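> got a structure for you, letters missing:
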């Protein structure tokens, strides 16, 4: 390790000790150190699985709730969760799930098929406004149900004939359904809890969950404390008694917490320290099925002009940004869908071409950037994201003569701004929810709650719908590729780089498996020995 790298890490450790001291004397009694603690990057937007969106939310909700299936920590394949088994009819249109009898909510009542009937209907109901509602539009009647002012309950292909049987009737086959049902938005919620408390049902004193852990304390802008739920069916497989998920602001702060032993896991330390961090034996680095990109608000001029959007894409040196700014082995985007997904060859993205970019901008009426209005680049408050956006803004300024200004917001506010289209250009990232191309291309359907660009294209929607209904793998891939080609022609987004996994994990942690989804269920983790460092 170089001497300057040692000094950087030493300085971080000193700062970290100060941060730990602040926790200990900060006016509120500190909780005892949990068995396992991690930096969850941001304050989560919600504890309601149906309306939450984001990776920080997924880490916590995956511990509090369990769906019909749960993900294998190594492969992402579906394992039995609340369902002990499932079967699909030969035509691929009827699925039957057997709900386990040894399940329980944290209030002691049993989880039944009727809970899933209620929860999936609630998830799809327009009043819920679930961002991921489109994920289940392959269920019979689901898309019209979500889009209706007065949804017809009888038309929806969800049925619970008994406490232990759930039936899903599909409008088109979905071979990856078991993997999809492990995703946290599709977890059950307790009807009596939701109906009694309304929006306050997720408060610590009210919330009822069914996963391997229960919520025991939440300190906003500090941490969530989870404790093992002894009524969970698989409690013998859950090794951790307590877990702390810190909403630590700032990457340097998070590194401090890790180096001083306050937490056992942090995600993506500062790129400026990569030379020192990456060779460490506790650094887990690998491929990720994820992409970082910019969204354009196509409802706001001049980004309603495809030529402008194309110019902004072509002006970015994607390889240079990945190499010189991100610095962890990321690759400049060659497509929107990340390379390496099974049974799919991604469509080609136009290469870096600043000369053509300037010509397109001039053609749109802004030669050399003259007359182009000042615009805002929105991003969530994070040093790494800030550095990335600053580098891209500088390239747009230098190559196109435009005048971007950066604006950052707290995670939840940023998500609301995207959802409500209160931005010009916005940072975005997407990690596969499950290993299938659909998780990327269904994102930009007209009715998708995660589209957040204002872009709507009937031809694109039709291609994605045809791909979803196609039983032949090769034909399905070809339809999805045509959809991606159309997306990359219209460019409501500008893909920049393919993401990587980079986690620092304490050597005492067991069960942490690297995978393309970067999913590490708390249920499957354990620790061997005490934490290293002071800790509170």
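Received, thanks. Keep in mind that this is a model prediction, so the values were computed, not measured.
> Just the element for residue 310, please.
helix 306-314 (DSSP states H and E).
> Now do that helix: which elements does it pack against?
Helix 306-314 makes packing contacts with strand 283-296, helix 354-363, helix 383-400, strand 493-505 when contacts are defined by 3 or more C-beta pairs under 8 Å, 6 or more residues apart in numbering; DSSP states H and E. To be clear about C-beta, it is placed using only N, CA and C from the backbone, and glycine gets the same treatment.
> one more time with 7 Å, if that's ok
Here helix 306-314 touches helix 354-363, going by 3 or more C-beta pairs under 7 Å, 6 or more residues apart in numbering; DSSP states H and E.
> Next, the angle from the helix it packs on to helix 306-314.
160 degrees (axes from the mean of the first three to the mean of the last three C-alpha atoms, to 10 degrees).
> ok, and for helix 354-363, which residues are buried?
Neighbour-count burial for helix 354-363 flags 354, 357, 358, 360, 361, 362 (criterion: 16 or more other C-beta atoms under 10 Å).
> After the helix holding residue 310, which helix or strand is next? Please name it.
Scanning onward from helix 306-314 (DSSP H and E), the first element met is helix 318-321.
> tell me what that following helix is packed against?
strand 331-332, strand 493-505.
> quick revisit: looking at the helix holding residue 310 now, give me its mean pLDDT.
Average pLDDT, helix 306-314: 98.
> Also stretch 320-338?
On average, stretch 320-338 scores 96.
> how about the closest residue in space to residue 77 that isn't next to it in sequence, what does it touch?
Ranked by C-beta to C-beta, 6 or more residues apart in numbering and with sequence neighbours excluded, the top spatial neighbour of residue 77 is residue 179, at 6.5 Å. Listed by C-beta atoms under 7 Å, 6 or more residues apart in numbering, the contact set of residue 179 reads 76, 77, 78, 434.
> Quick one: the residues you listed as JSON lines, columns for pLDDT and distance to residue 507 too.
Output for the contacts of residue 179, formatted as JSON lines (pLDDT from 0 to 100; distance: C-beta to C-beta, whole Å):
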{"residue": "76", "pLDDT": "86", "distance to residue 507": "25"}
{"residue": "77", "pLDDT": "90", "distance to residue 507": "28"}
{"residue": "78", "pLDDT": "95", "distance to residue 507": "30"}
{"residue": "434", "pLDDT": "86", "distance to residue 507": "30"}
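> Which members of those residues occur in strands, if any?
Residues of the contacts of residue 179 located in strands (DSSP state E): residue 78.
> So how do I select the buried members of the contacts of residue 179 in ChimeraX?
Selection of buried members from these for ChimeraX, criterion 16+ other C-beta under 10 Å:
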select :76,78,434
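> Give me the contact list for stretch 236-243.
34-36, 63, 212-213, 225-228, 232, 522-523, 525-526.
> Now that we have those residues, which of them are buried?
Members of these classed as buried by 16+ other C-beta under 10 Å are 34-36, 63, 212-213, 225-228, 232, 522-523, 525.
> could I get these as a markdown table with pLDDT?
Output for those, formatted as a markdown table (pLDDT from 0 to 100):
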| residue | pLDDT |
| --- | --- |
| 34 | 93 |
| 35 | 96 |
| 36 | 98 |
| 63 | 98 |
| 212 | 98 |
| 213 | 98 |
| 225 | 97 |
| 226 | 98 |
| 227 | 98 |
| 228 | 98 |
| 232 | 98 |
| 522 | 98 |
| 523 | 97 |
| 525 | 98 |
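> Out of the residues you listed, the closest to residue 150 would be?
residue 63 (36.7 Å; C-beta to C-beta).
> and the host helix or strand of that closest one, how far out from the chain's middle?
For residue 63, the element it lies in under DSSP H and E is helix 55-64. Relative to the centre of its chain, helix 55-64 is centred 10 Å away, using C-alpha atoms, centre = their mean, to the nearest Å.
> same check, this time on stretch 323-337
Using C-alpha atoms, centre = their mean, the offset of stretch 323-337 from its chain centre is 18 Å.
> Stretch 169-184 too?
The answer for stretch 169-184 is 18 Å, by C-alpha atoms, centre = their mean.
> Now it: buried residues?
170-174, 177-184.
> now the end-to-end length of stretch 39-47.
17 Å (C-alpha to C-alpha, to the nearest Å).
> Pull the residues that contact it.
52-54, 56-57, 59-61, 202, 207, 220-221, 245-248, 254, 257-258, 263, 266-267, 380, 410-412, 415.
> So how do I select the buried members of those residues in ChimeraX?
Here is the ChimeraX command that selects only those of the contacts of stretch 39-47 that count as buried (16+ other C-beta under 10 Å):
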select :52,53,54,56,57,59,60,61,202,207,245,246,247,248,254,257,258,263,266,267,380,411,415
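> quick one: which of the contacts of stretch 39-47 sit in strands?
245, 246, 266, 267, 380.
> Thought residue 60 was touching the first one, still the case?
Think residue 245. Yes: counting by C-beta atoms under 7 Å, residue 245 touches residue 60, with 5.3 Å between them.
> any common contacting residues for these two?
With C-beta under 7 Å, 6+ apart as the test, residue 245 and residue 60 both reach 40, 224.
> Residue 464 against residue 483, yeah?
Yes: Residue 464 lies in contact with residue 483 (C-beta under 7 Å); the separation is 5.1 Å.
> Overlap of the contact sets of these two?
residue 441.
> Run through the protein and note the low-pLDDT ranges.
Filtered on pLDDT under 70, the chain yields the residue ranges 1-30, 533-536.
> With distance to residue 477 added, can I get the buried ones among the contacts of stretch 236-243 in JSON lines?
Output for the buried ones among the contacts of stretch 236-243, formatted as JSON lines (distance: C-beta to C-beta, whole Å):
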{"residue": "34", "distance to residue 477": "44"}
{"residue": "35", "distance to residue 477": "44"}
{"residue": "36", "distance to residue 477": "40"}
{"residue": "63", "distance to residue 477": "34"}
{"residue": "212", "distance to residue 477": "36"}
{"residue": "213", "distance to residue 477": "38"}
{"residue": "225", "distance to residue 477": "45"}
{"residue": "226", "distance to residue 477": "40"}
{"residue": "227", "distance to residue 477": "45"}
{"residue": "228", "distance to residue 477": "42"}
{"residue": "232", "distance to residue 477": "39"}
{"residue": "522", "distance to residue 477": "34"}
{"residue": "523", "distance to residue 477": "33"}
{"residue": "525", "distance to residue 477": "35"}
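> Show me the residues you listed that map onto strands.
Per DSSP E, these map to strands at 36, 213, 225, 226, 227, 228.
> nearest residue to the fifth one other than its sequence neighbours?
What it means is residue 227. The nearest residue in space to residue 227 (C-beta to C-beta, 6+ apart) is residue 216, at 4.8 Å.
> tally of neighbours for the one you found?
Neighbour count of residue 216, defined by other C-beta atoms under 10 Å: 12.
> How about residues contacting the helix or strand containing it?
Taking DSSP H and E as the criterion, residue 216 maps to strand 213-219. Residues from elsewhere that reach strand 213-219, judged by C-beta under 7 Å, 6+ apart: 31, 63-64, 106, 204, 207, 209, 224-229, 243, 522.
> again, 8 Å this time
28, 31, 47, 63-64, 106, 204, 207, 209, 223-229, 232, 238, 240, 243, 522-523 (C-beta atoms under 8 Å, 6 or more residues apart in numbering).
> Just confirm residue 439 is within a helix.
Yes: Residue 439: assigned to a helix according to DSSP: H, G, I helix; E, B strand; the rest coil.
> My guess is it contacts residue 450. True?
No: at 10.2 Å, residue 439 does not count as touching residue 450 under the criterion of C-beta atoms under 8 Å.
> out of these two, which sits in the busier spot?
Using other C-beta under 10 Å, the more surrounded residue of residue 439 and residue 450 is residue 439, with 22 against 19.
> Give me the secondary structure label for residue 350.
Applying three-state DSSP: residue 350 is coil.
> how's this protein carved up into domains?
Split into domains by automatic domain parsing, the chain comes to 3-42+207-264+506-527, 66-188, 286-499.
> in the sheet, who's paired with the nearest residue to residue 265 once chain neighbours are set aside?
In this structure, residue 265 finds its nearest non-sequential neighbour in residue 38, 3.9 Å apart by C-beta to C-beta, 6+ apart. Beta bridges link residue 38 to residue 245, residue 265, judged by DSSP bridges.
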